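S.K.: I would like the atomic coordinates for the input below:
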Amino acid sequence: MDLVVGPGDAVERRLCVRPGTMVSLVLRPRADDRRWTAVHSSAPVFVLVAGWQVDSDGRARASLRCTGTRAGAAVVGVSAKAPDVAGAARVAFTLHVSVVPYAKEG
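M.R.: Numbering: from 1, shown residues only. Got it, this is the predicted structure:
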């Protein structure tokens, strides 16, 4: 599953997936001078950051693997900051992921 985020899009999104789903999060270059710097998951047991790459043009890609066999949720935060400004990067995009397993009884 591909999820593309670009300038002008909402800074928060919600996503509901099944265990084992791979999500490719594509972050287009920002309109301001800030650049994507990192991605993190609040609950790696449910959503694991399997890969992170920032291209020279400012586009970033994160591979998220939804794991687990029981229901759960994680908040995936992507931070950004201007390259010439000191200090920590701040979360610029948040993805709320709910992992919902298949029903055991029909």
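S.K.: Spatially nearest residue to Leu64, not counting backbone neighbours?
M.R.: Computed as Cβ to Cβ, 6 or more residues apart in numbering, the closest residue to Leu64 that is not its neighbour in sequence is Val23, at 4.2 Å. Bear in mind the C-beta positions are built from the backbone N, C-alpha and C, glycine included.
S.K.: what's next to whatever helix or strand the one you found lives in, contact-wise?
M.R.: Element membership for Val23, per DSSP states H and E: strand 22-27. Strand 22-27 is contacted by residues 1-5, 15, 17, 36, 39, 50, 59-66, 76, 78, 93, 95, 97 when judged by Cβ atoms under 8 Å, 6 or more residues apart in numbering.
S.K.: and the residue positioned nearest the centre of the chain, backbone torsions?
M.R.: What sits nearest the mean C-alpha location of the chain, by Cα atoms, centre = their mean, is Val76, with 4.7 Å. With angles defined as degrees, to the nearest 10, Val76 sits at phi -100, psi 120.
S.K.: ok, what's across the strand from it?
M.R.: Counting by DSSP bridges, Val76 forms beta bridges with Ser41, Leu95.
S.K.: pLDDT score assigned to it?
M.R.: Here the pLDDT value assigned to Val76 is 98.
S.K.: Same check on Arg14?
M.R.: Confidence at Arg14, expressed as pLDDT, is 97.
S.K.: In three-state terms, label it for me.
M.R.: strand (DSSP: H, G, I helix; E, B strand; the rest coil).
S.K.: With Ser98 instead?
M.R.: With three-state DSSP as the criterion, Ser98 reads strand.
S.K.: do Ala38 as well
M.R.: Assignment for Ala38 (three-state DSSP): strand.
S.K.: still on that earlier bit, the residue nearest to the centre of the chain reaches Leu95, doesn't it?
M.R.: Yes - between Val76 and Leu95 a contact is recorded at 4.2 Å, counting by Cβ atoms under 8 Å.
S.K.: Can you list the low-confidence ranges for the chain?
M.R.: 105-106 (pLDDT under 70).
S.K.: switch the cut-off to 50
M.R.: Low-confidence segments of the chain, defined by pLDDT under 50: none present.
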